[in-house]
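Participant: fold the following.
(one chain, ligands or ions: 1)
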Amino acid sequence: MSKLLIIGCGGVASVAIHKCCQNSDVFTEIMIASRTVSKCDALKEKLQPTTKTVISTAKVDADNVDELVALINDYKPEAVLNLALPYQDLTIMDACLKTGVHYIDTANYEAEDTENPEWRKIYEERCERLGFTAYFDYSWQWAYEDKFKDAGLTALLGTGFDPGVTSVFAAYAKKHYFDTIETIDILDCNGGDHGYPFATNFNPEINLREVSAPGSYFENGKWVEIPAMSIKREYDFDGVGMKDMYLLHHEEIEALARNMPEVKRIRFFMTFGQSYLTHMKCLENVGLLRTDAIDFNGQQIVPIQFLKALLPDPASLGPRTVGKTNIGCIFTGMKDGKKRSIYIYNICDHQECYREVESQAISYTTGVPAMIGAMMVLNGDWKKPGVFTTDEFDPDPYMDALNKWGLPWVVVENPTLVD
Ligand code: NDP
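Facilitator: Reported below is the predicted structural model:
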């Protein structure tokens, strides 16, 4: 018997909401609240006849703490699932603290205005201190640890696939397969084809900012930063085949480095086709990935936001995308005095996802773990006061839920390693 407020009604939220509605025993009531309420109403109209979950909708500006507080006080959920953008993480956390409800999200905080001098000062100090320059990091949300602890509330951060499931895989490997993990390689492969010359699979602004930034990995207690796309490997992915993949900075590296200090090296690779990279380089070179406002005919526009308006809506890619994703982690380390290596991964088929929830696999592989994370908090399996990432709890109930709710995984011993 749980009541959940879901903020955002985009690609990921749509899948999470479908899944909550399939799981009515846990999610007896949900509210979908977003900036564009018509999207929430349309989803409610489609899903309400198919589910026992009672759905309501509301309009909210999640940048505004007072509006959020008023909505939460009115609806009285037990938890808020934030599926808006990383820009809204802190305002939603503030509202949860003010109203005494648990908080769950899928991506760590990122500032929308990276030219803001106050934010920039803290950011530059962090770049210097930690050695990576990504605009997103956990420090902002980890700073809420005492507030959530004192309030007796849970904040579960980053319960998508990566971050999210990949960190659960790490906790599972540590619990069942290793005495010590020495290296972790997280491999995110999308073998899907949507037929457009260029499109992003989730929010273009967030996606392009992530991909065009310098890469980094964690080795022997330190960050090593490299120019964007400068480390490339090939890997033969089960269910997909041979793909080029590139080393990126990714947020779960930061959490795993903190929470599993014995691990000597943590890297993240994502596959990209040559056409995607050529388009991205060109957009970057002409200035369309800029995140600062420019004056255009007397109007202020942010180039990357303008680009977003031109690109296909990620939600529209579902019916066109064919192929599979394969996302997982390769672990090496020691067990009972012997070297061991395993690969835990999930394969997800774009068209099967579309048939089930009318979304492609990228939204599906994020939306399902978002529902599972919310379920873990609401049913008490993962409820404890403080701010946590998904590697900090017992992985077993989450791993069982992945099998049950559409993201089955396998464990392979002695996989091909990435050099
Ligand atoms: P979309 O752009 O499709 O959806 C974002 C939604 O948030 C939209 O409904 C949008 O409303 C709403 N929104 C934006 N700003 C506000 C605001 N100020 N107030 C209220 N609502 C707002 O994004 P995605 O669904 O692709 O991504 C959602 C989240 O999932 C992001 O944080 C993303 O980083 C994360 N993600 C995580 C992954 C993981 O594996 N961990 C992978 C992929 C994504 P409107 O309709 O008006 O635009």
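Participant: hey, where'd the helices end up in the stretch 151-300 of the chain?
Facilitator: Remark: helices assigned in the stretch 151-300 of the chain by DSSP state H, counting those that start in this stretch are 165-176, 204-211, 251-259, 274-285.
Participant: most tightly surrounded among these?
Facilitator: helix 165-176 (a mean of 25; mean count of other C-beta atoms under 10 Å). (Each C-beta comes from the backbone N, C-alpha and C, glycine too.)
Participant: how about the biggest helix by length in the chain and the ligand, any contact?
Facilitator: Ranked by residue count and defined by DSSP state H, the top helix of the chain is helix 361-378. Yes. Under the criterion of C-beta under 6 Å from any ligand atom, the ligand is reached by helix 361-378 at residue 366.
Participant: as CSV, the helices of the stretch 151-300 of the chain with distance to residue 34 and mean pLDDT would be great.
Facilitator: Shown next, in CSV, are the helices of the stretch 151-300 of the chain (distance: least, C-beta to C-beta, whole Å; pLDDT from 0 to 100):
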stretch, distance to residue 34, mean pLDDT
helix 165-176, 25, 98
helix 204-211, 16, 81
helix 251-259, 23, 97
helix 274-285, 27, 91
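Participant: of those, which is nearest residue 57?
Facilitator: helix 204-211 (24.0 Å; C-beta to C-beta).
Participant: now the helix or strand immediately after the longest helix of the chain in the chain: how far from the chain's centre is it?
Facilitator: Heading C-terminal from helix 361-378, the first helix or strand you meet, by DSSP states H and E, is strand 386-389. Put simply, strand 386-389 sits 15 Å off its chain's centre (C-alpha atoms, centre = their mean, to the nearest Å).
Participant: quick one: strands adjacent to strand 386-389?
Facilitator: Paired neighbours of strand 386-389 in the sheet (DSSP bridges): strand 154-157 (parallel).
Participant: does the partner strand come close to the ligand?
Facilitator: No. Using C-beta under 6 Å from any ligand atom, strand 154-157 never reaches the ligand; the gap is at least 9.9 Å.
Participant: may I have that strand exported as CSV, CA atoms only?
Facilitator: The C-alpha trace of strand 154-157 is given here as CSV (Å, rounded to 0.1, in the frame of the first residue of the first chain):
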residue,chain,number,x,y,z
THR,A,154,16.3,7.7,2.7
ALA,A,155,17.7,9.3,-0.4
LEU,A,156,18.5,6.7,-3.0
LEU,A,157,20.7,8.2,-5.8
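Participant: avg pLDDT for that strand?
Facilitator: Per-residue pLDDT values over strand 154-157 give a mean of 98.
Participant: how about stretch 222-241?
Facilitator: The model assigns stretch 222-241 a mean pLDDT of 96.
Participant: quick check, the helix or strand of the chain with the lowest mean pLDDT touching the ligand?
Facilitator: Lowest mean confidence among the helices and strands of the chain (mean pLDDT, DSSP states H and E): helix 204-211, at a mean of 81. Yes. Interface with the ligand: helix 204-211 contributes residue 206 (C-beta under 6 Å from any ligand atom).
Participant: is it possible to export the helices of the stretch 151-300 of the chain to a markdown table including distance to residue 266?
Facilitator: Below are the helices of the stretch 151-300 of the chain laid out as a markdown table (distance: least, C-beta to C-beta, whole Å):
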| stretch | distance to residue 266 |
| --- | --- |
| helix 165-176 | 9 |
| helix 204-211 | 17 |
| helix 251-259 | 5 |
| helix 274-285 | 24 |
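Participant: among those, which is nearest residue 334?
Facilitator: Taking these one by one with C-beta to C-beta, helix 165-176 is closest: 11.7 Å.
Participant: can you list contacts of that closest one?
Facilitator: Contact with helix 165-176 is made by 158, 181, 184, 186, 252, 255-256, 260, 327-329, 331, 342, 344, 346, 365, 369, 389-396, 398-399, 402, 407, 409, as judged by C-beta atoms under 8 Å, 6 or more residues apart in numbering.
Participant: just to revisit the earlier point, figure out how far the least confident helix or strand of the chain is from the centre of its chain.
Facilitator: Mean-position distance between helix 204-211 and its chain equals 12 Å (C-alpha atoms, centre = their mean).
Participant: got a list of contacts for that helix?
Facilitator: Helix 204-211 has contacts (C-beta under 8 Å, 6+ apart) with 85-86, 107, 110, 134-136, 200-201, 228, 248-250, 270, 272, 280, 283, 289, 291, 304-305, 307-308, 311, 314.
Participant: circling back: which among the contacts of helix 165-176 count as buried?
Facilitator: Neighbour-count burial (16 or more other C-beta atoms under 10 Å) applied to the contacts of helix 165-176 gives 158, 181, 184, 186, 252, 255-256, 260, 327-329, 331, 342, 344, 346, 365, 369, 389-393, 395, 398-399, 402, 407, 409.
Participant: pull the contacting residues for the one residue in the stretch 151-300 of the chain that gets nearest to the ligand.
Facilitator: Nearest to the ligand in the stretch 151-300 of the chain, going by C-beta to the nearest ligand atom, is residue 160, at a distance of 2.2 Å. By C-beta under 8 Å, 6+ apart, the contact set of residue 160 is 12, 106, 107, 365, 366, 369, 370.
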